[in-house]
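> Take this sequence and fold it.
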Amino acid sequence: MPDFLAFLLRLLASPFRSNLDLEIEVLALRQQLAVYQRSIPRPRLRLRDRLFWCWLSRLWSRWKDAIVIVKPSTVIAWRRRKFRELWAKLSARRGPGRPPVPKEIRDLIRQMSSANVCWGSPRIRSELKMLGIVVAKSTVERYMIKRPKPASPTWRAFLANHVNCLASIDFFTVPTVRNRVLYVLVVLAHLRRRIVHFAITEHPTAAWTARQATEAFPWDTAPRYMIRDRDSIYGDIFRGRVKSMGIKEVLIAPRSPWQSPFVERLVGSVRRDCLDHVVVLGERHLRHVLTSYFAYYHEARCHMALDGDAPEHREVQPPEMGKVIEIPEVNGLHHRYVRRAA
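Predicted structure coming up:
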């Protein structure tokens with residue numbers, strides 16, 4: 001440190017000295033430095049020596065011409081290392097991140113994912129929300145059981161401008177174990193995604209379809225509009241019956257099922273969540289299976305379009321209500337999770 005102070009004093013006094021004295025002094029210092037380099041193979045520099053040259057390299061453009069004891073690249077390496085150490089200290093000052101997920105919640109996510117093969121992360125997150133457990137979708141994806149393919153693909157778009165005056169109607173087919181084909185008619189109200197009516201037959205006709213429309217909307221419960229496709233089953237009898245009920249039909253374009261996404265999504269959910277896992281024996285068996293699934297669909301199944309709620313509103317159960325229990329639905333194909341006091 002005294003050597004450094006002496007050097008600074010000489011540096012401050014240099015403007016008052018002649019050029020000849022300065023050149024002679026520089027020559028003497030260089031000669032002594034050459035002697036030291038011959039006697040000491042590698043000089044030992046302290047931290048203050050390195051800081052001095054790092055500071056001088058930032059202020060003086062000709063510092064490379066004056067340095068002799070080390071290479072200029074060495075000084076640049078010192079400066080870069082100090083810069084990295086500074087940013088490492090600044091980065092370490094950040095506050096704590098997300099709180100850890102409790103083990104019981106992680107186990108519950110794995111249990112739901114294992115017991116319900118058709119559920120994806122949005123469905124599990126909504127089910128946890130109903131149990132008073134709020135976690136992010138990324139957290140559910142981290143702890144759920146990974147499968148080769150997603151169990152429940154989602155639709156890309158929904159019609160957002162449909163309200164309670166709109167309903168949809170559609171047919172879908174179900175083969176039986178005896179190679180018979182059963183036709184299922186479903187009527188869906190867009191408000192709260194309620195299944196208003198369903199019926200099963202082996203030989204659908206226009207008269208039968210018209211009668212189902214009357215049974216779906218008795219008295220003054222008919223919607224203002226009804227969306228349907230251009231199937232020939234909706235004949236003159238059906239059109240006359242619907243018109244007499246005060247319902248205006250809205251026909252989608254040919255081969256454009258995406259124009260009626262709500263009922264198409266319902267049919268897809270019925271197949272993925274139920275019928276793809278059941279061998280249908282006959283009409284009576286199919287009616288029993290669909291009745292059980294539609295009861296689960298209305299009372300327990302969480303819907304992304306309803307912000308994670310069910311068509312029949314489910315109350316959020318906070319952790320104070322008790323332990324989480326598992327209730328099998330649809331003969332164990334799905335499960336409902338509720339809290340019960342011990």
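
> the helices in the stretch 1-150 of the chain, which residues?
Secondary structure of the stretch 1-150 of the chain, counting by DSSP state H, counting those that start in this stretch: helices at 2-13, 19-39, 47-59, 63-66, 72-91, 103-115, 121-130, 137-143.

> can you check the stretch 151-300 of the chain too?
Taking DSSP H, counting those that start in this stretch as the test, the helices found in the stretch 151-300 of the chain are 206-216, 236-244, 261-273, 283-299.

> how near is Arg79 to Leu51?
Applying CB to CB, to the nearest Å, one obtains 10 Å for the distance of Arg79 from Leu51. Yep, even glycine has a C-beta here, placed from its N, CA and C like the rest.

> Give me the more crowded residue out of these two.
Comparing Arg79 with Leu51 by other CB atoms under 10 Å, the one with more neighbours is Arg79, at 16 against 13.

> what's the weakest-modelled helix or strand in the protein?
helix 2-13 (a mean of 56; mean pLDDT, DSSP states H and E).

> just flag whichever of the helices of the stretch 1-150 of the chain has the lowest average confidence.
Comparing those by mean pLDDT, the weakest confidence falls on helix 2-13, with a mean of 56.

> Domain map for the protein?
Recorded structural domains for the chain (assignment: automatic domain parsing) are 2-91, 103-153+312-340, 166-306.

> how far out from the middle of the chain is the shortest one?
Using CA atoms, centre = their mean, to the nearest Å, the distance from the centre of domain 103-153+312-340 to the centre of the chain it belongs to is 15 Å.

> now do the longest one
The chain centroid and the centroid of domain 166-306 are separated by 31 Å under CA atoms, centre = their mean.

> Helix, strand, or coil at Ile327?
What DSSP: H, G, I helix; E, B strand; the rest coil gives for Ile327 is strand.

> so who does it touch?
Ile327 is in contact with His335, Arg336, Tyr337, Val338, counting by CB atoms under 8 Å, 6 or more residues apart in numbering.

> let's see 7 Å
Neighbouring residues of Ile327 by CB atoms under 7 Å, 6 or more residues apart in numbering: His335, Arg336, Val338.

> Just the pLDDT for it.
The per-residue pLDDT of Ile327 was computed as 92.

> still on that earlier bit, right, and the helices of the stretch 151-300 of the chain - which one's nearest Ser91?
Using CB to CB as the measure, helix 261-273 is the one of those that comes nearest Ser91, at 46.3 Å.

> tell me what the closest one is packed against?
For helix 261-273, the contact count by 3 or more CB pairs under 7 Å, 6 or more residues apart in numbering; DSSP states H and E identifies strand 166-175, strand 181-189 as packing neighbours.

> Now render these as CSV, adding distance to Glu141 and mean neighbour count.
Below are the helices and strands packed on helix 261-273 laid out as CSV (distance: least, CB to CB, whole Å; neighbours: other CB atoms under 10 Å):
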stretch, distance to Glu141, mean neighbour count
strand 166-175, 31, 19
strand 181-189, 30, 20
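
> Ala253: which of the ones you listed is closest?
Proximity of these to Ala253 was assessed by CB to CB; the nearest stretch is strand 166-175, lying at 14.9 Å.

> what's in contact with the closest one?
With contacts defined as CB under 7 Å, 6+ apart, strand 166-175 is touched by 181-190, 196, 204, 223, 225-229, 231, 233, 260, 262-263, 267, 275, 280, 286.

> how does it look with 8 Å?
Around strand 166-175, the neighbours that count as contacts under CB under 8 Å, 6+ apart are 181-191, 196, 204, 213, 223-229, 231, 233, 260, 262-264, 267, 270-271, 275, 280, 286.

> The residues you listed, buried ones only, as a ChimeraX selection?
Of the contacts of strand 166-175, the buried ones go into a single ChimeraX selection, burial set by 16 or more other CB atoms under 10 Å:
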select :182,183,184,185,186,187,188,189,190,196,204,213,223,226,227,228,229,260,262,263,264,267,270,275,280,286
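
> Make CSV out of the contacts of Ile327 and add secondary structure, neighbour count and pLDDT.
Supplementary listing: the contacts of Ile327 in CSV, determined by DSSP: H, G, I helix; E, B strand; the rest coil; neighbours: other CB atoms under 10 Å; pLDDT from 0 to 100:
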residue, secondary structure, neighbour count, pLDDT
His335, strand, 19, 93
Arg336, strand, 18, 91
Val338, strand, 17, 93
